[in-house]
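K.L.:
Return a 3D structure for these sequence lines:
(one chain, ligands or ions: 2)
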Amino acid sequence: MKNLIINRFAQTFTGEPCIYSSAGRVNLIGEHTDYNGGFVFPGAIDKVIMAAIRPNGTDRINAVALDLGEEATFGLEEEDAPTAGWARYIFGVAREIQKRGGKVGGFDTVFGGNIPLGAGLSSSAALESCFVYALNDLFNDNSIDKFELARIGQSTEHNYCGVNCGIMDQFASIFGQEGKLMRLDCRSMEFEYYPFNPEGYRLVLVDSRVKHELKDSPYNKRRESCERVAAALGIKTLRDADMAMLEAVKGDISAEDYVRARFVIGEKDRVLAVCDALSRGDYETVGAKMYETHQGLSHDYDVSCEELDFLNDIARRCGVTGSRIMGGGFGGCTINLVKNELYDEFVKTAVTEFEKQYGHKPEIYDVVISNGAQKLK
Ligand code: ADP
Ligand code: MG
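P.N.:
Ligands and ions are numbered 1, 2, ... in the order given. Prediction:
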């Protein structure tokens, strides 16, 4: 990929570019916890966006999206916003840096990557993080701190791409390190690295390639349930609740709100249990917690779907150590922690049985926890 990018840069532009990359991400555990002030537990993966970039001394950005075979040229002022979706990520990052008093000049760039688009691995955050990291290095002497870089990516999604996302994806892409997951506290924004070197296991995503569009915004409804229970408890978010507190207000809240909150509170405890287990290198417990999360997401939080439950069942039947929905639910991937010796059998079974049932093959993505944003040359 690097050579393709460099060669295309040499064909299209002049001079010697610098090379940057940033990564997609997985979230091992901690789902629907961010808006409840809880923990998420992501890591950067070995699938990246890579860009060759060279300042061109003008006030224009000339960009080539190698994978799409598209080009775009645009300025740096608000009215210069490009129309192409992919270019808006680059433009947005440049604008958000300027809004914060940072500098951005014109540049030439060729970029590409190997993160599947829209599969839940956050290719968009990787794209933003690659460019924000590069522009901080090329135009700002790396004076913008890393958390601000992540926030610039998040604001880009909000203000230029119409996606009202949290901070996890950009955080993971910017801060990710090889062999380390990060437990991010979404209340305090403090985080801690935990070693993730599952020797003898592989981490594999099975992408159902279904996305159920649902009526009446289930995400908002889940949020509202959480807010109602927090209000009944007299606390700001469910982060501050435990099971005993929930039991105490059971009579004052609806049965539905009760099970929603039961998932969120349980998920906080599961993240902490996984951290403990990782500190001991106990990947069997990690896996057991992943299954518990899946059960909770499916039964209590009710954000699974038939296809994801099907994949989770196959994993369980194949003896896979851990398996769960990754992401908000209603489609997308399961993330699976699989013993090496079971890997081939599991993948074969998942692909064959899923296709037989649903008429199309799921995609399989092997991932290794790797570095996030970095300069390569
Ligand atoms: P994801 O879950 O992968 O983040 P999004 O819909 O948020 O899905 O982001 C995907 C968008 O990011 C694409 O439509 C495209 O605009 C941009 N993108 C991601 N990867 C690439 C790439 N390799 N080349 C060009 N654009 C890309
Ligand atoms: Mg995205």
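
K.L.:
three-state assignment of the residue of the stretch 151-300 of the chain found nearest ligand 1?
P.N.:
Nearest residue of the stretch 151-300 of the chain to ligand 1: Val163, at 6.1 Å (Cβ to the nearest ligand atom). (Glycine included, C-beta is placed from N, CA and C.) Taking DSSP: H, G, I helix; E, B strand; the rest coil as the rule, one finds Val163 in the coil state.

K.L.:
Confirm for me that it is in contact with Ala125.
P.N.:
No. Counting by Cβ atoms under 8 Å, Val163 does not reach Ala125; the two are 10.0 Å apart.

K.L.:
So which residues on this structure come close to ligand 1?
P.N.:
Taking Cβ under 6 Å from any ligand atom as the contact definition, the chain meets ligand 1 at 49, 65, 67-68, 85-86, 112-113, 115, 117-124, 127.

K.L.:
Among those, which are located in strands?
P.N.:
Ile49, Ala65, Gly112, Gly113 (DSSP state E).

K.L.:
and the residues of the chain next to ligand 1, which are buried?
P.N.:
Among those, the ones that count as buried by 16 or more other Cβ atoms under 10 Å are 49, 65, 86, 112-113, 115, 119-124, 127.

K.L.:
And the furthest pair within those?
P.N.:
Within those, Ala65 and Gly120 form the most distant pair, 20.8 Å apart (Cβ to Cβ).

K.L.:
Mind jotting down where the strands sit in the stretch 51-200 of the chain?
P.N.:
In the stretch 51-200 of the chain, the strands defined using DSSP state E, counting those that start in this stretch lie at 60-65, 70-75, 107-113, 180-185, 191-195.

K.L.:
Identify the residues contacting the residue of the stretch 151-300 of the chain closest to ligand 1.
P.N.:
Counting by Cβ atoms under 8 Å, 6 or more residues apart in numbering, Val163 touches Ser124, Glu157.

K.L.:
and Gly322, how many neighbours does it have?
P.N.:
When neighbours are counted by other Cβ atoms under 10 Å, Gly322 registers 29.

K.L.:
For the residue lying closest to it once chain neighbours are set aside, give me its contacts.
P.N.:
Spatial nearest neighbour of Gly322, excluding adjacent residues (Cβ to Cβ, 6 or more residues apart in numbering): Gly287 at 2.8 Å. Contacts for Gly287 (Cβ under 8 Å, 6+ apart) come out as Val320, Thr321, Gly322, Ser323, Leu337.

K.L.:
run the last query once more with 7 Å
P.N.:
Thr321, Gly322, Leu337 (Cβ atoms under 7 Å, 6 or more residues apart in numbering).

K.L.:
I'd like to know which of those are part of strands.
P.N.:
Among the contacts of Gly287, the members found in strands (DSSP E) are Gly322, Leu337.

K.L.:
from the contacts of Gly287, which is closest to Val204?
P.N.:
Using Cβ to Cβ, those come closest to Val204 at Leu337, 8.3 Å.

K.L.:
ok, the spatially closest residue to the closest one that is not a sequence neighbour to Val206 distance?
P.N.:
Leaving aside its sequence neighbours, Leu337 sits nearest to Gly322 (Cβ to Cβ, 6+ apart; 3.9 Å). Distance of Gly322 to Val206, computed by Cβ to Cβ, to the nearest Å: 13 Å.

K.L.:
Next, show the common contact partners of those two.
P.N.:
Asn336.

K.L.:
related to what we said a few turns ago, can I get the contacts of Gly287 in a markdown table with pLDDT?
P.N.:
Below are the contacts of Gly287 laid out as a markdown table (pLDDT from 0 to 100):
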| residue | pLDDT |
| --- | --- |
| Thr321 | 98 |
| Gly322 | 98 |
| Leu337 | 98 |
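
K.L.:
got the residue ranges for the helices in the stretch 1-150 of the chain?
P.N.:
Using DSSP state H, counting those that start in this stretch, the helices found in the stretch 1-150 of the chain span residues 2-12, 85-99, 123-139, 146-160.

K.L.:
how big is the angle separating the shortest one from strand 107-113?
P.N.:
On the basis of axes from the mean of the first three to the mean of the last three Cα atoms, to 10 degrees, helix 2-12 is oriented at 150 degrees to strand 107-113.
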